[in-house]
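J.: I would like to see how this sequence folds:
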Amino acid sequence: MSEAVRIVEGREVHPGDVLVSAQGSGFTVTKTKRVGRGIRVFYERPDGGAAYITVAPDSKARVARVRGIIGE
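T.: Residues are numbered from 1 along each chain as shown. Below is the predicted model of the structure:
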């Protein structure tokens, strides 16, 4: 990835962000939705399919922001 990778909390992940795995693969976030105390993060798989994970609001995620960083 050529974008700067940031560590953010789960509540800061938004559509358009790219989640970065420990191996360096990128997964584009397509939608987020609150579910109970968690946040369901929908993303695009490399094969073009859709998938999701549920994260805690205070969990940490590696994100490359394509849309820009708020406050920068």
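J.: Report the beta-bridge partner residues of the most centrally placed residue in the chain.
T.: Centroid-nearest residue in the chain: Leu19, 4.0 Å away (criterion: Cα atoms, centre = their mean). When bridges are called by DSSP bridges, Leu19 pairs up with Phe27, Val63.
J.: residue contacts, it?
T.: Contact partners of Leu19, counting by Cβ atoms under 8 Å, 6 or more residues apart in numbering, are Val13, Gly26, Phe27, Thr28, Val29, Val41, Tyr43, Ala61, Arg62, Val63. C-beta coordinates here come from the backbone N, C-alpha and C atoms, glycine included.
J.: Between those, which sits nearest Val55?
T.: For the contacts of Leu19, the residue nearest Val55 by Cβ to Cβ is Val41; the value is 5.9 Å.
J.: picking up where we left off before, out of the contacts of Leu19, which end up buried?
T.: Taking 16 or more other Cβ atoms under 10 Å as the criterion, what is buried in the contacts of Leu19 is Val13, Gly26, Phe27, Val29, Val41, Tyr43, Ala61, Arg62, Val63.
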